[in-house]
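> got a predicted model here, sequence first, then my questions.
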Amino acid sequence: MSIIEARGLGRRYGKRWALEDCTLSLPEGRLVALIGPNGAGKSTLLNMIVGLTAPTAGELTVLDGHPAGSPAALDGIAFVAQDMPLYRNLTVADMVHLTRNLNVSFDTAAANRRLADLGIDPKQKAGKLSGGQQAQLALSLALARQPRLLVLDEPTAPLDPLARHDFMATVMTAMAEDGISVILSSHLLAELEKVADHLVLIADGRVRVDGPVDELIDAHRLVTAPRGALPQGCDVIESSGSHQLVRLAAPLPAALPSRPVGIEELTLAYFRQGTLIGAAS
């Protein structure tokens, strides 16, 4: 089942398209990594998913086919942004109380239990918490809404490695225990390698790559061979001398030296192709 369906989706600001002709079907119960350079259109897509921005073109539905931004859709979505929007003069307990009053569904006991497990003092003001604690507070409030879909827009970018690890551990536990789906926008490619099930790569406002991580990895190889030695139809994504990243259209001959690639190598190659060489197919 798909948790997000986009068909011909686009958003224009003046004469510039921030996102154009986006067609996606994102699976339920997965951690979808949304990757792209700055200005690629990632935040625009996420803002449309959570109803903060209306599409200029196309269609977007979430959860059980509800229009993005509709009350039925918003009830099932929680959003954590990079700037951790907290009322910094309120205590942690006050933030829990306020969030409970602003939402139809909110599990206060679960929020307090998660914060206690993290050692976060309910009497402490939100603005006095460390960066990692603020991120955990924002995440705990989001998860207490009992969402089906958790949208994360680079929430770990300002955090140190330990805080990022702890944040993602909380996300993965919620996925395992509550069955939620996650869309995570991030530039931290090495960390996404460990957690992502599905990859969406956006560059220049267009989707360049979309698919399950395992299938994408299986469909690409780094080959040490001249272009003429490749089977017909293999698409060279990036080339540096005899080292070539190829999208396979046929099995490689056993005699050709090759190795699998990871998410980081794959995405960097498509970044360069999308922004410097031309659009990937």
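Structure received. Residues are numbered from 1 along each chain as shown.

> hmm, Ile183 is touching Leu26, no?
Yes - assessed by Cβ atoms under 8 Å, Ile183 is found in contact with Leu26 at 7.0 Å. Where you see a C-beta, it was placed from the backbone N, CA and C, and this is true even at glycine.

> the more surrounded of these two?
Per other Cβ atoms under 10 Å, whichever of Ile183 and Leu26 has more neighbours is Ile183, with 26 against 20.

> what sits up against the strand or helix carrying the more buried one?
Assessed by DSSP states H and E, Ile183 sits inside strand 181-185. Residues outside strand 181-185 that contact it (Cβ atoms under 8 Å, 6 or more residues apart in numbering): 3-4, 26-35, 42-43, 46, 49, 148-154, 171, 175, 192, 195-196.

> now it - C-alpha only, PDB.
The C-alpha trace of strand 181-185 is given here as PDB (Å, rounded to 0.1, in the frame of the first residue of the first chain):
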ATOM      1  CA  SER A 181       6.000   5.200   8.000                       C
ATOM      2  CA  VAL A 182       8.800   7.800   7.800                       C
ATOM      3  CA  ILE A 183      10.000  10.300   5.100                       C
ATOM      4  CA  LEU A 184      13.400  11.700   6.100                       C
ATOM      5  CA  SER A 185      15.100  14.500   4.200                       C
END
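
> the helix or strand following that strand packs against which elements?
Following strand 181-185 in sequence order, the next helix or strand is helix 189-195 (DSSP H and E). Where contact means 3 or more Cβ pairs under 8 Å, 6 or more residues apart in numbering; DSSP states H and E, helix 189-195 is packed against strand 31-35, helix 161-178, helix 263-272.

> any idea which of these is most buried?
strand 31-35 (a mean of 25; mean count of other Cβ atoms under 10 Å).

> how far off centre is it?
3 Å (Cα atoms, centre = their mean, to the nearest Å).

> now stretch 10-19
In terms of Cα atoms, centre = their mean, the centre of stretch 10-19 is found 21 Å from the chain centre.

> do the same with stretch 122-129
Centroid displacement of stretch 122-129 relative to its chain, using Cα atoms, centre = their mean, is 28 Å.

> and stretch 244-258, by the same measure?
Taking Cα atoms, centre = their mean, one finds the center of stretch 244-258 at 30 Å from the center of the full chain.

> make residue 1 into 23 and carry on from there
Taking 23 as the first residue, the last one we looked at is stretch 266-280.

> residues contacting that stretch, please?
Stretch 266-280 is contacted by residues 241-247, 249, 251-261, 283, 287-288, 291 when judged by Cβ under 8 Å, 6+ apart.

> parallel or antiparallel, list what pairs with whichever strand or helix holds Leu41.
For Leu41, the host element (DSSP H and E) is strand 38-49. Here strand 38-49 has these sheet partners by DSSP bridges: strand 24-35 (antiparallel).

> could you check the angle the partner strand makes with strand 53-57?
With axes from the mean of the first three to the mean of the last three Cα atoms, to 10 degrees defining the directions, strand 24-35 sits at 20 degrees from strand 53-57.
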